[in-house]
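Visitor: Got a sequence here, can you model it:
(2 chains)
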Amino acid sequence: MTPIFIDVINNKEYPEVNILVLKGDMNYGDTSKMLHQALDRILNGNAFFVVADMSEVTSISSAAVGELMGFKSTLVEKDGELVLAGLAIDVKEVLTALGAHKIFKFYKNVHSAANFYYWEFHGKAEKTVVSFPSILTFVPPVRQMVRRIVKQKGYNEKDAFRIETIVDEICNNAVEHGSHGAEGNEINLTVGIDRKKIEISVSNKIDPDKKESLKKMAEYLANPKGAFHETRGRGLALVKMLSNNFQINNSESGTCVQVTKFREE
Amino acid sequence: MNTKNDGKPYIVQISFPSCLEYVIPVRKFISEVLVGNNYSQKFAYRSEVIVDEVCSNAVIYGSKTQDACIDFTCYIYEDHIEFQVKDQGGNKKDIERLKVAVNTAKEFQQDQIDLMGSAHDGCLGLEIVRMLSEEVELEFGDNNVTTIRVVRKRKPA
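Guide: I've put the predicted structure just below:
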């Protein structure tokens, strides 16, 4: 049996997050008393988001799980939260069997749990930047990656599909109307995502031969009633319909399309 | 899609938040890009395994700050691919573990496969990467910034 060890530490990288370090067998002895002491220390401060680092917990009893639930309730009353990180497989199995997975959020490590805090409570935006050759066959993997990211961040299937459609349209346009080939003609996609919205930006170099068609496209977007071509321009109209904000900036060096889409659910 | 680009590679770069949630979309993205560049499904899947391992390591061991990001670059040639993954610096203890893991993996011989013997703590992921690739190199920069470079060759048909 490994003796129980409980401590509260504060990582300077996550000043608003308390880390409750739990080690050993949470079965016997002073588990309850030590947890209460740790809770008192946390309640005396002003950071009520707590990550329980359980990477060195070797076993846990139902009584200890009950204590953690009580711990969480107290924190939630103070607008805080308790999440669990770094669970070993057997400890996770015990927690799941006891139904604790319905009450606690589990994270792979403390870093991921702290990221959740900044995402959920501070509305932190996360940014992904992709640069790829201006070739059409790179577009499907790009749009599917964005859809997967959006899903991973908790957006629903409908939002994810619409965002995929937006990315597909503007990346296809960037390839079609921009400079072609791999070298020096990359397409740059930036996806910024937070709890409430997604901001997409696609930039590329202009093909000098296509300046005229871009000009027509800009005119069409300014006045959608006068379609610039009978069968063209539908993609951008679709993007405009699916997004909350849509802008195209043309300059001598290139084009940048910026789209904002709010979360619908 | 063809991969002919006058002998020059197609380059795909991704910079993503250092968070495990992003590893799955990134690894699947690379796999789909490789299939689109005429690499086989098997090659793409094994490359996906490599991407998963090196990116997960970068997230878990190479990110101290809450706004850390991982820089991933994929060079696609006709006959081989190259991955470079750069993190933003982990702690010294993890770097030492990584060095030991790489040295252990270097000694690994294909004809001496003993999975039980190889599966010692903390090295298995890198051994898998070593098994599936032709070259694995590590570089350590200032502030423990780590870059891992992996080369994987297309097998002749």
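
Visitor: for chain B, which spans come out with low pLDDT?
Guide: Low-confidence segments of chain B, defined by pLDDT under 70: B:1-5, B:101-123, B:156-157.

Visitor: and the longest helix along it with chain A, contact?
Guide: In chain B, assigned by DSSP state H, the helix with the most residues is helix B:41-61. Yes - judged by C-beta under 8 Å from any C-beta of the partner chain, helix B:41-61 comes into contact with chain A through B:59-60. In this view, the C-beta of every residue, glycine as well, is placed from N, C-alpha and C.

Visitor: Quick one: distance of that helix to the chain centre.
Guide: How far helix B:41-61 lies from its chain's middle: 5 Å, per C-alpha atoms, centre = their mean, to the nearest Å.

Visitor: Partner strands of the next helix or strand after it, with direction?
Guide: Next in sequence after helix B:41-61, counting helices and strands by DSSP states H and E, comes strand B:69-76. Note on strand B:69-76: by DSSP bridges, its sheet partners are strand B:10-17 (antiparallel), strand B:80-86 (antiparallel).

Visitor: report the angle between the axes of strand B:69-76 and helix B:41-61?
Guide: 160 degrees (axes from the mean of the first three to the mean of the last three C-alpha atoms, to 10 degrees).

Visitor: any idea which element residue A:104 lies in?
Guide: Going by DSSP H and E, residue A:104 is not in any helix or strand.

Visitor: residue ranges with poor pLDDT in chain A?
Guide: Along chain A, segments meeting pLDDT under 70 span A:28-29, A:181-183, A:214, A:221-222, A:224-233.

Visitor: quick one: the strands in it?
Guide: For chain A, applying DSSP state E gives strands covering A:5-10, A:17-26, A:49-60, A:81-85, A:106-107, A:126-132, A:187-193, A:197-205, A:245-250, A:254-262.

Visitor: Could you pick out the residues of chain A near chain B for me?
Guide: A:13-14, A:108-109, A:111-112, A:114-115, A:118, A:126-133, A:135, A:137-138, A:140-142, A:144-146, A:148-149, A:152-153, A:182-183, A:186.

Visitor: now those: which count as buried?
Guide: Buried members of the residues of chain A next to chain B, scored by 16 or more other C-beta atoms under 10 Å in any protein chain shown, are A:14, A:108-109, A:111-112, A:114-115, A:118, A:126, A:128-133, A:135, A:138, A:140-142, A:144-146, A:148-149, A:152-153, A:182, A:186.

Visitor: Pick out the residue closest to the middle of the chain.
Guide: Since you didn't name a chain, this refers to chain A. In chain A, the residue lying closest to the centroid (C-alpha atoms, centre = their mean) is residue A:153, at 4.0 Å.

Visitor: please go with chain B instead
Guide: residue B:54 (4.0 Å).

Visitor: so residue B:55 touches residue B:72, yeah?
Guide: Yes - when contacts are counted by C-beta atoms under 8 Å, residue B:55 is listed as touching residue B:72 (6.6 Å).

Visitor: joint contacts of those two?
Guide: Common neighbours of residue B:55 and residue B:72, using C-beta atoms under 8 Å, 6 or more residues apart in numbering or on different chains, are B:26, B:85.

Visitor: what sits against residue A:249?
Guide: Residues in contact with residue A:249 (C-beta under 8 Å, 6+ apart) are A:255-258.

Visitor: Derive a ChimeraX selection command for the buried subset of these.
Guide: This is the ChimeraX syntax for the buried subset of these, where burial follows 16+ other C-beta under 10 Å:
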select /A:255,256,257,258
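
Visitor: Quick one: name the residues of chain B near chain A.
Guide: Residues of chain B that fall close to chain A, judged by C-beta under 8 Å from any C-beta: B:1, B:5, B:8, B:10-22, B:24-26, B:28-29, B:32-33, B:36-37, B:59-60, B:63-66, B:69.

Visitor: now the strands of chain A in TSV, with distance to residue A:163?
Guide: Below are the strands of chain A laid out as TSV (distance: least, C-beta to C-beta, whole Å):
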stretch	distance to residue A:163
strand A:5-10	37
strand A:17-26	30
strand A:49-60	29
strand A:81-85	27
strand A:106-107	25
strand A:126-132	12
strand A:187-193	9
strand A:197-205	6
strand A:245-250	13
strand A:254-262	6
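
Visitor: Residue A:178 is nearest to which of the ones you listed?
Guide: strand A:197-205 (3.7 Å; C-beta to C-beta).
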